[in-house]
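**Q** Fold the stuff below for me.
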Amino acid sequence: MRAIRIPAHGGPEVLESAELDQPAPQSGELLVEVAAAGVNFIDTYQRSGLYSVPLPFTPGVEGAGTVREVGPDVTGFSPGDRVAWAMSPGGYAERAAVPARNAVRIPDGVEERTAAAAMLQGMTAHFLVSSTHPVRAGETALVHAAAGGVGLLLTQLIKARGGNVIGTVSTAEKEQLARAAGADEIIRYTEADVAEEVRDLTDGRGVDVAYDGVGKDTFDGSLAVLRPRGTLALFGASSGPVPPVDPQRLNSAGSVFLTRPSLAHHILSREELDWRAGEIFAAIKSSDLDVRIGGTYPLNQARQAHEDLESRRSTGKLLLLL
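**A** Got it, this is the predicted structure:
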């Protein structure tokens, strides 16, 4: 089968096309014919070595496709089922062995590419607004990279809960996308000081929560704009990891809360996975949630997809189509 392999850590140039043996599903696994694989920042972290993964490996932790074989000790799935998954490696390939515990059925009325685009980022947005900081009506949230894959979904989910969104973007095109998703206010971080703008927009109060997937470049500003006892949810590091933080800074900022959540810890049980994926799929089917696919690439253009993602040229979700 065709696949992408990473033989050594590095930049996008280390992504190599390869012919590999098809995996055999082991106990608890499904063999899935992959229709679409999500391209995510976690893939770039693993590729670069920021997140440790044994070499060589096939990247991709999210996808959707059709079950072709069911391994031993699997219940609830059959060949022919359409499934989607997140937090399972090996997605940049024509076929992937996916733990059944990570897979969910794709409901009728949802396309496979939409399902692939919604799993990791959709469930991330879901846990951020429902568990990390449950957004209440009238609260104000700062959403960095509001035109990105998570940012667009976060904005829609915050608005659905009655919250207000201040989004940051870099261009007029991205501002238009974020506003279309429901953002109340937009700050062009390339043209204005984000902290000053947020203070002005909130009459000096600050935001109830800052959702920050950018990391190093935005962390200080996120911390500076929180109201007393506000929450900074740092869920990514697209600009690089945040340097070590003195806990006293949280006191000085107003007894604020800092958390570094990840999806894996919010889908630990079958019940929680089904809940989060179920709510995302239901919102997609009812047209209450729009999943924007900003770019699609054939498998052999995985390098270009990584370059586009890391350069921040992209909006919405990037997919590899097989």
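**Q** how about the helices in the stretch 51-200 of the chain?
**A** Using DSSP state H, counting those that start in this stretch, the helices of the stretch 51-200 of the chain run over residues 112-127, 149-160, 172-180, 194-201.
**Q** Alpha carbons only: can I get the last one in PDB?
**A** When you say that, I think you mean helix 194-201. Extracted C-alpha coordinates of helix 194-201, given in PDB (Å, rounded to 0.1, in the frame of the first residue of the first chain):
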ATOM      1  CA  VAL A 194      -3.700  42.400  21.100                       C
ATOM      2  CA  ALA A 195      -3.600  43.100  24.800                       C
ATOM      3  CA  GLU A 196      -4.400  46.800  24.400                       C
ATOM      4  CA  GLU A 197      -7.200  46.000  22.000                       C
ATOM      5  CA  VAL A 198      -8.800  43.400  24.300                       C
ATOM      6  CA  ARG A 199      -8.600  45.800  27.300                       C
ATOM      7  CA  ASP A 200     -10.400  48.500  25.200                       C
ATOM      8  CA  LEU A 201     -13.000  46.100  23.900                       C
END
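**Q** What residues sit buried inside that helix?
**A** Within helix 194-201, the residues that count as buried by 16 or more other Cβ atoms under 10 Å are Val194, Ala195, Glu197, Val198, Arg199, Leu201. (Glycine included, C-beta is placed from N, CA and C.)
**Q** Adding distance to Ser262, write the helices of the stretch 51-200 of the chain out as TSV.
**A** Shown next, in TSV, are those (distance: least, Cβ to Cβ, whole Å):
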stretch	distance to Ser262
helix 112-127	8
helix 149-160	12
helix 172-180	24
helix 194-201	24
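**Q** In JSON lines, list those along with mean pLDDT.
**A** Output for the helices of the stretch 51-200 of the chain, formatted as JSON lines (pLDDT from 0 to 100):
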{"stretch": "helix 112-127", "mean pLDDT": "98"}
{"stretch": "helix 149-160", "mean pLDDT": "98"}
{"stretch": "helix 172-180", "mean pLDDT": "97"}
{"stretch": "helix 194-201", "mean pLDDT": "97"}
